[in-house]
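1. Fold the following.
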Amino acid sequence: MRAVGYPTSVARVRAIYLSPVKSLGLMQAERTSVTRNGIPGDRAFVVLDHRDEVATLRRYGALAHARTRFDAERDELSLLLPDGREVTGPVVDGPEHEVLMFGRPLHGRIVHGPWGRRLSELTGVPMRLMRALGGPAQDSHAMSMLSLGSVEQLSSRAGLPEPLDPRRFRNSLLIEGTAPHEEDAWVGRDVRVGTAVLRVADRDQRCSLITKNPDSGERDLDTLRVLASYRRQDDGQVCLGVYADVVEPGDVAVGDPVQPI
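-> This is a model prediction of the structure:
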């Protein structure tokens, strides 16, 4: 009889996702190093709106239209706009600043340069860019994982002919080769991914963000309701995928094995 929590076949990394600026469109990587803080450069910056609040994709769907690249060695940021333009330049730190993000203080520096203006044009609201100091602007943990099997089951429950785009769920790592929601059994355990070791901390609580198309930022499916119909916990939370902390830094590439220890 198979031990609970171990994959029925070899689980592997299907995709690696990151966004140097929180809430902008995701980029994909074929390989990456993983530090104690997660993927270097991921969520290194946040966007602040006219209320001096962290701009989220839930509130400003147009942010999904733009993507970013960040060269940490050169400290250079590129903003890729939906019309094909690319705005690239050095990151010039301005004054220190602090805001609340999900009830926690986030300390950083306002960034001088063209990015805020371009994002303002995109959203129709005055925007500023802020570099997060003391670590990336993650929601709670350094990494997150989601299995393709879980996405496929949710898609089937929604009556869709094709699986949903996994980018909708904005996880760091997409895993293939497991049963649906098998990642739930990894909570409290260490999982080796490539040469890194992640400690799975908790299930990933979901919100209305997953109802939005990852390319348009527009609501196109009541994904949260479908998920709640078969995944609601006793405390009322609806979860999909898991959060993880990095206990052993290493390297991760698409195709690398994923093995609970």
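2. make it CA atoms for all contacts and neighbour counts henceforth
-> Noted.
3. what ranges do the strands span in the stretch 1-150 of the chain?
-> Assigned strands in the stretch 1-150 of the chain, in chain order: 11-18, 27-29, 31-34, 45-48, 67-71, 76-80, 86-90, 92-101, 104-112, 128-132, 143-147 (criterion: DSSP state E, counting those that start in this stretch).
4. hmm, who's touching the fourth one?
-> It refers to strand 45-48. Outside strand 45-48, the residues that touch it by CA atoms under 8 Å, 6 or more residues apart in numbering are 20-23, 54-55, 116, 127-132, 136-137.
5. of the residues you listed, the lowest pLDDT goes to which?
-> Confidence by pLDDT is poorest for Pro136 among these, given 78.
6. Name the residues that touch stretch 83-103?
-> Defining contact as CA under 8 Å, 6+ apart, one finds that stretch 83-103 is touched by 52-54, 74-81, 105-115, 131, 139.
7. What subset of these is buried?
-> 54, 77-81, 106-113, 115, 131 (16 or more other CA atoms under 10 Å).
8. between these, which is closest to Asn213?
-> Leu81 (17.3 Å; CA to CA).
9. how about the nearest residue in space to that closest one that is not next to it in sequence, phi and psi?
-> Residue nearest to Leu81 in three dimensions, not counting chain neighbours: Ala66, with 4.9 Å by CA to CA, 6 or more residues apart in numbering. Backbone torsions for Ala66, taken as degrees, to the nearest 10, come to phi -110, psi 150.
10. Neighbours of Ala66, how many?
-> When counting by other CA atoms under 10 Å, one arrives at 23 neighbours for Ala66.
11. Show me the shaky parts of the stretch 51-200 of the chain.
-> Of all residues in the stretch 51-200 of the chain, none has pLDDT under 70.
12. all helices of the stretch 151-261 of the chain, in order?
-> 223-231 (DSSP state H, counting those that start in this stretch).
13. For it, which segments count as strands?
-> Going by DSSP E, counting those that start in this stretch, the stretch 151-261 of the chain shows strands at 173-176, 190-193, 196-205, 239-248, 250-253, 257-260.
14. between these, which gets nearest to Tyr60?
-> Using CA to CA, the strands of the stretch 151-261 of the chain put strand 196-205 closest to Tyr60, at 20.5 Å.
15. Neighbouring strands - and their directions - for that closest one?
-> Strand 196-205 has the following sheet partners, assigned by DSSP bridges: strand 190-193 (antiparallel), strand 239-248 (antiparallel).
16. Any chance of TSV for the ones you listed, columns distance to Phe70?
-> Below are these laid out as TSV (distance: least, CA to CA, whole Å):
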stretch	distance to Phe70
strand 190-193	24
strand 239-248	22
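17. closest to Pro257 out of those strands?
-> Here strand 190-193 is closest among these (CA to CA), at 6.1 Å.
18. quick one on the thing from earlier: which one of the strands of the stretch 151-261 of the chain is the most hemmed in?
-> Greatest average neighbour count among the strands of the stretch 151-261 of the chain goes to strand 173-176 (a mean of 24), per mean count of other CA atoms under 10 Å.
19. what residues does that strand touch?
-> Counting by CA under 8 Å, 6+ apart, 11-17, 143-149, 166, 258 sit against strand 173-176.
20. if we go to 6 Å?
-> Residues outside strand 173-176 that contact it (CA atoms under 6 Å, 6 or more residues apart in numbering): Ala11, Arg12, Val13, Arg14, Ala15, Ile16, Met145, Leu146, Ser147, Leu148.
21. Tell me the bridge partners for the fifth one.
-> For Ala15, the residues forming beta bridges with it (DSSP bridges) are Leu174.
22. If you tally nearby residues, what's the number for it?
-> With other CA under 10 Å as criterion, Ala15 counts 21.
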